[in-house]
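**Q** coords below, sequence missing:
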């Protein structure tokens, strides 16, 4: 019994706690979609050109451009699709080829909401607060697909509460910053097999955590038609505390158990630099480069509540870059149109990519518009298509891995994502 529990604990952590992307809508499992107006330019102007309260998330220094108290609310409907093709996956205990289906499309359409409030509070001082969901993933392949020993179900949700302030030093310089109060909740499942007598069962890890980070931003206007924006968001490390359990599918319940466990979730720091230039009084061109510090997500070190560490699983994420360009045009007093393109690198590597991380480099194609309903209310619209490059999954468990986790997963992946978004701006 003790061997079964120890091995299942290893399996739940090693096979289950792989917090990679499940077609979240930036490479890695970062969700960029925190501004409908920003989505319309593929976030080319997110540090320089957001003239609504959503600037608080991408660069709080931009709050100094808002003339009055305002609210921005948005919802982005993410419609991801992925296909995995078996290329030689195997069962544990030397059980031969892994049977089962291909898991279908493991993703469902998911809304991502965000809400921001900003107000001037004194001479050259602004304050605001935002509620966002900047990291997340969700997939469900079912319990009978060929890669079930790697993953079956993954849910990761974050809620980020960001109180912020900004100061306008003069006509060409503004600074801002905020605190990120972040909650993370995860539920991760895979199939395990403690021994042939017990057979397959569901291994589950649940955990959650609150922690704090920070972000800082600056805007500079070196000449009147040009704005430069710089923003830094700190890395955040969660210590997920929860439970690990196993429930056999068959009648033999000798291996069933539930006990406490924990593991770290290390989120990247993010540095963005953007520039926007008004080529005419009605047309603005913009560009942005963003670096994601994913290299802090090198491995996951699980620990049992007894204090015993379980063998770490390597992730070997790499730092990545995203490059975007866009334009915005004021067509008339009611309509503004915008468009953009982004190239977004994946942090996953061929050696360590898993079925929880069927990721590839991404190409974004975005468009959007704002309609001015009256002096107080604007409506934002945006749509994006993301092409995800195809890739390979080669999860190979070596002899040092517990037998129940020694199932290899080999597959080809391909995917795409559609996004439609609607936002509301209200000025008091």
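**A** Sure, I can see it. Every value quoted in this text rests on a predicted model; they were computed, and no experiment measured them.
**Q** state the mean pLDDT of the helix or strand hosting residue 167.
**A** Taking DSSP states H and E as the definition, one finds residue 167 inside strand 153-170. Mean per-residue pLDDT for strand 153-170: 95.
**Q** buried ones in that strand?
**A** Of the residues in strand 153-170, 153-156, 158-160, 162, 164-168 count as buried by neighbour count, 16 or more other CB atoms under 10 Å. C-betas here are computed from N, CA, C, even on glycine.
**Q** what lines up beside it in the sheet?
**A** Strand pairing for strand 153-170, determined by DSSP bridges: strand 125-132 (antiparallel), strand 136-140 (antiparallel), strand 173-192 (antiparallel).
**Q** among these, show the one with the smallest mean pLDDT.
**A** Across the strands paired with strand 153-170, the lowest-scoring stretch is strand 136-140, with a mean of 89.
**Q** just how off-centre is that strand within its chain?
**A** Centre-to-centre, strand 136-140 and its host chain are 10 Å apart (CA atoms, centre = their mean, to the nearest Å).
**Q** reformat the strands paired with strand 153-170 as JSON lines; add distance to residue 359 and mean neighbour count.
**A** Below are the strands paired with strand 153-170 laid out as JSON lines (distance: least, CB to CB, whole Å; neighbours: other CB atoms under 10 Å):
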{"stretch": "strand 125-132", "distance to residue 359": "22", "mean neighbour count": "21"}
{"stretch": "strand 136-140", "distance to residue 359": "10", "mean neighbour count": "22"}
{"stretch": "strand 173-192", "distance to residue 359": "17", "mean neighbour count": "22"}
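**Q** which regions of the stretch 201-350 of the chain sit below the pLDDT cut-off?
**A** 299-304, 306-315 (pLDDT under 70).
**Q** same thing but at 90, please
**A** Scanning the stretch 201-350 of the chain for pLDDT under 90 picks out 201-206, 224, 240, 243-265, 295-318, 348-350.
**Q** hey, where'd the strands end up in it?
**A** Along the stretch 201-350 of the chain, counting by DSSP state E, counting those that start in this stretch, strands occupy 201-220, 226-233, 236-248, 257-267, 270-278, 283-292, 299-300, 303-304, 313-314, 320-330, 335-344.
**Q** what's the closest of the strands paired with strand 153-170 to residue 149?
**A** Closest to residue 149 of these is strand 173-192 (CB to CB; 5.4 Å).
**Q** can you give the distance of that closest one from its chain's centre?
**A** Centre to centre, stretch against its chain (CA atoms, centre = their mean), the figure for strand 173-192 is 9 Å.
**Q** got it, and stretch 288-295?
**A** Counting by CA atoms, centre = their mean, stretch 288-295 comes out at 13 Å from the chain centroid.
**Q** same deal with stretch 373-381?
**A** Using CA atoms, centre = their mean, the offset of stretch 373-381 from its chain centre is 29 Å.
**Q** residues in contact with it?
**A** 36-37, 40, 52, 74, 368-372, 421-428 (CB atoms under 8 Å, 6 or more residues apart in numbering).
**Q** now the residue nearest the centre of the chain: closest residue in space, sequence neighbours ignored.
**A** Nearest to the geometric centre of the chain sits residue 30, at 2.2 Å (CA atoms, centre = their mean). Distances taken as CB to CB, 6 or more residues apart in numbering place residue 135 nearest to residue 30, at 5.9 Å, with adjacent residues excluded.
**Q** over to residue 75?
**A** Per CB to CB, 6+ apart, closest to residue 75 is residue 113, 4.8 Å.
**Q** which SSE is the one you found in?
**A** With DSSP H and E as the test, residue 113 turns up in strand 110-122.
**Q** list the buried ones in that strand?
**A** Buried residues in strand 110-122 (16+ other CB under 10 Å): 110, 112, 114, 116-120.
**Q** pLDDT on that strand, on average?
**A** Taken as a whole, strand 110-122 has an average pLDDT of 95.
**Q** contacts for it, please.
**A** 31, 33-35, 52-57, 63, 66-78, 80, 126-133, 136, 138.
**Q** right, and residue 355 touches residue 152 too?
**A** No: the pair residue 355 / residue 152 is not scored as a contact, 9.1 Å apart, by CB atoms under 8 Å.
**Q** please enumerate the shared neighbours of the two.
**A** By CB under 8 Å, 6+ apart, the residues touching both residue 355 and residue 152 are residue 141.
**Q** of these two, who's got more company?
**A** residue 355 (30 against 27; other CB atoms under 10 Å).
**Q** how close does the more buried one sit to residue 88?
**A** Per CB to CB, to the nearest Å, residue 355 is found 14 Å from residue 88.
**Q** try residue 198
**A** In terms of CB to CB, residue 198 sits 26 Å off from residue 88.
**Q** do residue 166 as well
**A** Residue 166 is 55 Å from residue 88, by CB to CB.
**Q** what do you get for residue 382?
**A** Distance from residue 382 to residue 88, by CB to CB: 41 Å.
**Q** the two: who's more crowded?
**A** Counted by other CB under 10 Å, residue 382 and residue 88 do not tie: residue 382 has more neighbours, with 28 against 12.
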